[in-house]
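Participant: below are the sequence and a predicted model; questions follow.
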Amino acid sequence: MRFEKEKRPGRLLRRGFCLALAAGMLLSSPVSALCDTEEEEEIPMDERAAQAQKEIRTAAVGKYGMVPIYGRDVADGVYDITVESSSPFFHIPEAKLYVENHEMRAEITIYSTSYTYVYPGTSQEAKKLKEADWTAAKVKGDYSVFTFPIEALNTPVSCAAYSKRRKRWYDRNLVFEAASLPEGTLAFDLPDYELIEEAIKDFETGDVPEEAVPVKEPDPVTLPMEDGEYSIEVNMTGGSGRASISSPTLLTVRDGKAYATLLWSSTYYDYMILEEKYYYNLTEDGGNSSFEIPITVMDEGMPVIADTTAMGDPVEIQYVLTFYEESIGTKDQIPQEAAKKVFIIAAVIIVAGGILNYRIKKKRK
C-alpha cells in the first residue's frame, strides 16, 4: 500500500503533463485566433478590416492602350521607375531601371523578407529549373532586393516569387511604367493613358465610378439577449468540401444585433461577400482566415461568397451558412475556451503533484 501511495504523485504529474500538452496543442491551433481578445483590443476590428481590404490582390495591371516599349527606345542610363504589381503582397515601393546597349534590367525592392527567390517567368517555368537559375534575394535589413532582365516596359512582365514560409511559387505580373521615367529618356512622347482610361470608363458607364456607389450594409437579426459574447452552432454547405469553418463559433451581440466570427480551416481565404458587402480577413499572423459577418437570418440558409487563393489565382466560391438559434450558449462552448479550461486544470494538477512530491521527499529525509 505504501508503494502505491508513493507512486501516485508521479502518476498525477504524468496525467497533468498529458493534459497540459493536449491543451497546449489546442491553444496553439488555428482556433486560438477566434478568441484572442488581447490582440483584438490592441487593434480595433474596423481598422484591421480596413487594412485587410488594402491587401486584396488585383488581377489586371497596366492601362488601356499601352504598347510595349523596348530597350532600343530608351536612352542608356540608370533611372528610378514606378512598378505596378498584380498583388499587394508583392508591392514594389522602389525600383531602378538599368539600360545599356538596348538591354534592360530591373532592380526591385520590397519591404519584406517573405520571398527568397524570383524568376522572370511563370511559376511553372521556375519549377522546371534549378536553383542556380533563380534570382536570390539580397536582404538588406527588413528589405529584399532582386535584379533580373526585362524585355519591355508598359506591358505585363511575368515574375514568379517563391514564398519562404509557404514553400511555394506564386505568379505575379509586373508593369514597369515608362511614363515615370525622366523627360527625354524615351525616343518619343507617350499618350496620357490615365486620361484615356477615364474617358473609356465614362463612356461605358455614363455614371459615377462603381467604387463611389455606397453598398448597403446587411441588416443583422435582432436577438432578445444582453450584449456580449456567446457561442452558436453553424452549418456550412457548398464548395468542394475541402474547407470548413469551426462550430460552435463566436456569436457577438452588439446593440441587440447578431454577428458571427467565422474561423476557416484554411489560411487562403482573403474576403467574403454577403449581400454585395465585402468582409476582409482579420487574421494578421498568417494563421487560419477569420471574418466577422452579420447574421441576417436564423435557422435558414444564408448565402455567402468566399474568395480563396489556394489555387494561386483568386477564386470566388459560393457557400450557404445556417445558424441555429436554439444552439446559442455560453462562450465556454467554443473549442478555444474549453482548451483554456483544460490548460488551467492541467496546470493545477502539475503544481499540486509537484507539491505532493516535494512533501513526500522531505518526509523521507
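Facilitator: That came through fine.
Participant: for the stretch 101-250 of the chain, which segments count as strands?
Facilitator: Using DSSP state E, counting those that start in this stretch, the strands found in the stretch 101-250 of the chain span residues 103-110, 115-119, 135-136, 138-140, 143-150, 152-153, 157-163, 168-177, 228-232, 234-238, 249-254.
Participant: which one of the ones you listed lies nearest to Pro220?
Facilitator: Set against Pro220 and scored by CB to CB, the strands of the stretch 101-250 of the chain come closest in strand 249-254, at 8.6 Å. Where you see a C-beta, it was placed from the backbone N, CA and C, and this is true even at glycine.
Participant: what pairs with that closest one, parallel or antiparallel?
Facilitator: Using DSSP bridges, strand 249-254 pairs in its sheet with strand 228-232 (antiparallel), strand 257-263 (antiparallel).
Participant: from the chain's centroid, how far away is the longest one?
Facilitator: Relative to the centre of its chain, strand 257-263 is centred 19 Å away, using CA atoms, centre = their mean, to the nearest Å.
Participant: how about it: buried residues?
Facilitator: 258-263 (16 or more other CB atoms under 10 Å).
Participant: go on, stretch 310-318?
Facilitator: For stretch 310-318, a neighbour-count test (16+ other CB under 10 Å) marks Pro314 as buried.
Participant: where does the stretch 201-350 of the chain have low pLDDT?
Facilitator: For the stretch 201-350 of the chain, the stretches with pLDDT under 70 are 201-214, 335-350.
Participant: can you do 90?
Facilitator: The stretch 201-350 of the chain contains residues with pLDDT under 90 at 201-217, 239-243, 276, 283-287, 309-316, 331-350.
Participant: nearest to Gln124, of the strands paired with strand 249-254?
Facilitator: Using CB to CB, the strands paired with strand 249-254 put strand 257-263 closest to Gln124, at 32.8 Å.
Participant: can you tell me what sits against the following helix or strand past the closest one?
Facilitator: Going down the chain from strand 257-263, the next helix or strand is strand 269-274, by DSSP states H and E. By CB atoms under 8 Å, 6 or more residues apart in numbering, the surrounding residues in contact with strand 269-274 are 52-53, 55-57, 218, 243, 262, 278-281, 289, 291, 293-294, 296, 302, 304-309, 314, 316.
Participant: of these, grab the buried ones for ChimeraX.
Facilitator: Here is the ChimeraX selection string for the buried members of the contacts of strand 269-274, based on 16+ other CB under 10 Å:
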select :52,56,57,218,243,262,279,280,281,289,291,293,294,296,302,304,306,307,308,309,314
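Participant: now, the contacts of strand 269-274 that are in strands?
Facilitator: Among the contacts of strand 269-274, DSSP state E puts 262, 278-280, 291, 293-294, 302, 304-308, 316 in strands.
Participant: nearest to Ser112, of these?
Facilitator: Tyr280 (19.6 Å).
Participant: isn't that closest one up against Glu292?
Facilitator: No: checked against CB atoms under 8 Å, the pair Tyr280 and Glu292 is beyond contact range at 9.9 Å.
Participant: for this protein, which segments count as helices?
Facilitator: Using DSSP state H, the helices of the chain run over 2-28, 37-42, 45-54, 123-127, 193-205, 335-364.
Participant: on that earlier part again, can you lay out the buried residues of strand 257-263 as TSV showing distance to Val61?
Facilitator: Formatted as TSV, the buried residues of strand 257-263 follow (distance: CB to CB, whole Å):
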residue	distance to Val61
Ala258	40
Tyr259	36
Ala260	35
Thr261	34
Leu262	31
Leu263	33
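Participant: pull out the buried positions in stretch 168-176.
Facilitator: Neighbour-count burial for stretch 168-176, with 16+ other CB under 10 Å as criterion, is recorded at 169-176.
Participant: nope, stretch 72-91 is what I was after
Facilitator: Within stretch 72-91, judged by 16+ other CB under 10 Å, the buried ones are 73-74, 81, 83-87, 89-90.
Participant: can you pick out the most distant pair from the residues you listed?
Facilitator: Spatially, the most separated pair among the buried residues of stretch 72-91 is Asp73 and Phe89, at 31.7 Å (CB to CB).
Participant: quick one: closest of the strands of the stretch 101-250 of the chain to Lys331.
Facilitator: With distances scored as CB to CB, the stretch of those nearest to Lys331 is strand 228-232 (4.8 Å).
Participant: need the residues that contact that closest one.
Facilitator: Applying CB under 8 Å, 6+ apart, the contact partners of strand 228-232 are 248-253, 260, 323-325, 327-334.
Participant: thinking again about what came up before, could you tell me the least trusted of the helices of the chain?
Facilitator: Here the helices of the chain differ in mean pLDDT, and the lowest is helix 37-42 at a mean of 41.
Participant: pLDDT on stretch 73-86, on average?
Facilitator: 95.
Participant: return the distance of that stretch from the chain's centre.
Facilitator: For stretch 73-86, the distance to the chain centre is 30 Å (CA atoms, centre = their mean).
Participant: end to end on that stretch, go ahead and measure it.
Facilitator: For stretch 73-86, the first-to-last residue distance is 25 Å (CA to CA, to the nearest Å).
Participant: try stretch 218-237
Facilitator: 21 Å.
Participant: for it, which positions count as buried?
Facilitator: 218, 220-221, 223, 230-234, 236.
Participant: what about Glu325, neighbour count?
Facilitator: 15 (other CB atoms under 10 Å).
Participant: kindly report the same for Ile196.
Facilitator: 14.
Participant: spit out the contact partners of Thr322.
Facilitator: Thr322 touches 234-237, 299-302, counting by CB under 8 Å, 6+ apart.
Participant: let me fix that, I meant to ask about Leu181.
Facilitator: By CB under 8 Å, 6+ apart, the residues touching Leu181 are 74, 79, 81, 97.
Participant: ok, the third one touching Glu94?
Facilitator: When you say that, I think you mean Ile81. No: contact criterion CB under 8 Å: Ile81 and Glu94 do not qualify, at 9.6 Å.
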